[in-house]
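*Asks:* build me a structure from this.
(one chain, ligands or ions: 1)
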Amino acid sequence: MDKILVHGGHRLSGSVKISGSKNSALPILAATLLTKEPCVVRHVPDLSDIHYMLQILSHLGAHVERASGTVRVQAEKIRSVAPYDIVRKMRASVCILGPLLGRMRKATVSLPGGCVIGDRPIDLHLKGFEALHATHRVEQGNVHVHATKLRGGTAHLRGKLGPTVLGTDNVMMAAVLAEGTTVIEGAAEEPEVVDLANFLNKMGAKIHGAGTSQITIEGVRKLHGAEHDVIPDRIEAGTFLVAAAIAGREVTLKRVNPHHLDSVIQTLQQAGFPVSSTKTTVTLQGKARPLALHITTEPYPGFPTDMQAQMCALLTRAKGQSSVTETVFPQRFMHVSELKRMGARIDLLDHSAFIHGTPRLSGAPVMASDLRASAALVLAGLKADGITEINRVYHIDRGYESIDEKLNNLGAQIERVKV
Ligand code: UD1
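*Replies:* Numbers count the residues shown, from 1 in each chain. Presented below is the predicted three-dimensional model:
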């Protein structure tokens, strides 16, 4: 198992190219199951989660070819049962349920368990399928979804913790091949949902309203092959902006959509960092210490939960007391105890972290618990005294393409050690 050693104290400058979005690429690859014809998806990041998705597609019978960032999938003949061994490795595998239900009228996928960021139910996905007149049952750890006739209906997908991103994706992917019209109320508005809808429309689907809380899908009989460029990863981009804020002189992100980063950019500006953007780039200038902030995570266009841990890392060094409240995954604070091992002063109360800024952190051996928590530890290590040793880094490889190489190209000193 690899570990990462971050040698603190090196300033970052220069530019970094942002990869394609993991959270867009995963459902878009799953959507290729909806047609027998070949699909080409470009800007697919090289990540372990993507490898798992490609393995699942192959197992289901699709022919998959990959050349650097371009993936070609042809799902001419497929089966409807996904293997537990691969599915259990990645919670996002649940997004094959929708396309399998749409195309085969049935799907069997093992039920995802919880994970360190909390309970991860799929009740809203199933409620959405019910609105399409599908039934489901759970047996031996698998969820079986079935529809004799898949017919449009109205799906209310907003749960007590807000809308569901993969749930919206799943219902949209099933509804494109249902008879009649489906309306999703309380839909997630994330750019990744819009990217998936754009891909589905290129395949011949009729989806309107993606990016708002009400999506309308007129079912069609058949979809065809399509080509698509995945949008830039706004969370990878946000992570590099925070890296620049922690340890940068001036860092420019290339191949980004600044509009997708509005809430993150505004938050960094409130913390005192000058940020400027063009149509496809964002530049941040570093400074000694951030101002304290009060942040609450929210569904898009609010401040993303996937940037919460990285922002906690930044605020450990703020002048004054900050607070970070998590509303999307209220238990998502595993990084706090590790940041405290590095000298951060943080109190957790209910779903909020109260961070008392301190001028210095010190390197320490720490444990990565999930994807974004690992990124937060790398970021904290960039400015800490001495060496930060991050164990269990496979988490970071799930969602960041060559983060160590990209940071080193900006001037960081990060080693990856095989253990
Ligand atoms: C997606 C992202 C993840 C991000 C999250 C929230 C992917 C692959 N992952 O995850 O990086 O952190 O959106 O922006 O795109 N919920 C229910 N019932 C359900 C489904 C969800 O109660 O059936 C709850 C969840 O527990 C959570 C909240 O709704 O509290 C939002 O979850 P959801 O948007 O579904 O997250 P994912 O789509 O799994």
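*Asks:* can you give the domain ranges for this protein?
*Replies:* What automatic domain parsing lists as the domains of the chain is 2-18+232-418, 22-229.
*Asks:* which ones are touching P301?
*Replies:* Applying CB atoms under 8 Å, 6 or more residues apart in numbering, we find P301 in contact with E189, D262, S263. Backbone N, C-alpha and C define where each C-beta goes, glycine included.
*Asks:* if we can go back for a sec, could I get the domains of the chain as TSV with mean pLDDT?
*Replies:* TSV is the format used below for these (pLDDT from 0 to 100):
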stretch	mean pLDDT
domain 2-18+232-418	96
domain 22-229	94
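*Asks:* on that earlier part again, strands - which of the contacts of P301 land there?
*Replies:* In strands, judged by DSSP state E, none of the contacts of P301 are found.
*Asks:* include neighbour count when you put those residues into a markdown table, please.
*Replies:* Below are these laid out as a markdown table (neighbours: other CB atoms under 10 Å):
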| residue | neighbour count |
| --- | --- |
| E189 | 19 |
| D262 | 16 |
| S263 | 19 |
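*Asks:* just checking: which of the residues you listed also lie near the ligand?
*Replies:* Among these, no residue lies close to the ligand (CB under 6 Å from any ligand atom).
*Asks:* now the spatially most central residue of the chain: how far from E415?
*Replies:* Centrality entry for the chain: nearest residue to the mean C-alpha point is N23, 4.3 Å, by CA atoms, centre = their mean. Applying CB to CB, to the nearest Å, the value for N23 to E415 is 29 Å.
*Asks:* next, count neighbours for L126.
*Replies:* For L126, the neighbour count with other CB atoms under 10 Å is 19.
*Asks:* helices along the stretch 301-419 of the chain, start to end?
*Replies:* In the stretch 301-419 of the chain, helices defined by DSSP state H, counting those that start in this stretch lie at 308-315, 334-341, 371-383, 394-397, 403-409, listed in chain order.
*Asks:* near the ligand, which residues of the chain are found?
*Replies:* 23, 26, 92, 120-125, 159, 161-162, 164-167, 188, 192, 305-306, 328-329.
*Asks:* restricted to helices, list these.
*Replies:* Counting by DSSP state H, the part of these found in helices is N23, L26, D123, L124, H125, V165, L166, G167, E192.
*Asks:* any idea how far the second one is from R341?
*Replies:* Taking CB to CB as the measure, L26 and R341 are separated by 32 Å.
*Asks:* for the third one, same thing?
*Replies:* Counting by CB to CB, the separation of D123 from R341 is 36 Å.
*Asks:* next: the fourth one.
*Replies:* Using CB to CB, L124 is found at 36 Å from R341.
*Asks:* who has more neighbours, the two?
*Replies:* More crowded of L124 and R341, by other CB under 10 Å: L124, with 22 against 16.
*Asks:* show me the contacts for that one.
*Replies:* L157, G159, T164, G167.
*Asks:* for those residues, give me TSV that also has distance to E76 and neighbour count.
*Replies:* Output for those, formatted as TSV (distance: CB to CB, whole Å; neighbours: other CB atoms under 10 Å):
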residue	distance to E76	neighbour count
L157	32	25
G159	37	14
T164	31	24
G167	28	30
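*Asks:* and those, which is closest to K206?
*Replies:* L157 (19.3 Å; CB to CB).
*Asks:* okay, the closest one and A134: tell me how far apart.
*Replies:* In terms of CB to CB, L157 sits 15 Å off from A134.
*Asks:* give me the nearest residue to the residue of the chain positioned farthest from its centre, chain neighbours excluded.
*Replies:* Taking CA atoms, centre = their mean as the measure, the residue most remote from the mean C-alpha position of the chain is T148, 33.3 Å away. Spatial nearest neighbour of T148, chain neighbours left out: R105 (7.3 Å); criterion: CB to CB, 6 or more residues apart in numbering.
*Asks:* and what of F303?
*Replies:* S263 (4.7 Å).
*Asks:* and V41, by the same measure?
*Replies:* Using CB to CB, 6+ apart, the closest residue to V41 is V71 (4.9 Å).
*Asks:* mind listing what that neighbour touches?
*Replies:* Per CB under 8 Å, 6+ apart, neighbours of V71: L29, V40, V41, V44, L54, V64, E65.
*Asks:* how about 7 Å then?
*Replies:* Contacts for V71 (CB atoms under 7 Å, 6 or more residues apart in numbering) come out as L29, V41, V44, L54, V64.
*Asks:* direction included, what does the host helix or strand of it pair against?
*Replies:* Counting by DSSP states H and E, the element that carries V71 is strand 70-74. Sheet pairing of strand 70-74 (DSSP bridges) gives strand 39-42 (antiparallel), strand 63-67 (antiparallel).
*Asks:* can you name the element that comes right after it?
*Replies:* helix 84-87.
*Asks:* just how off-centre is that following helix within its chain?
*Replies:* Offset of helix 84-87 from its chain centre (CA atoms, centre = their mean, to the nearest Å): 20 Å.
*Asks:* skip ahead from that helix and say which helix or strand is next.
*Replies:* helix 97-104.
*Asks:* which elements pack onto the helix or strand following that next one?
*Replies:* Downstream of helix 97-104, the first helix or strand assigned by DSSP H and E is strand 106-110. With contacts taken as 3 or more CB pairs under 7 Å, 6 or more residues apart in numbering; DSSP states H and E, strand 106-110 sits against helix 84-87, helix 97-104, strand 142-146.
*Asks:* touching the last one from outside, list them.
*Replies:* Outside strand 142-146, the residues within contact range by CB under 7 Å, 6+ apart are 97, 101, 105-111, 129, 134-137.
*Asks:* can you list the strands that that strand pairs with?
*Replies:* So strand 142-146, judged by DSSP bridges, has these partners: strand 106-110 (antiparallel), strand 135-139 (antiparallel).
*Asks:* restricting to C-alpha, output it in CSV.
*Replies:* This file holds the C-alpha atoms of strand 142-146, laid out as CSV (Å, rounded to 0.1, in the frame of the first residue of the first chain):
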residue,chain,number,x,y,z
ASN,A,142,-28.7,-7.3,-3.6
VAL,A,143,-31.3,-4.9,-4.8
HIS,A,144,-33.4,-6.2,-7.7
VAL,A,145,-35.4,-3.6,-9.7
HIS,A,146,-37.9,-4.7,-12.3
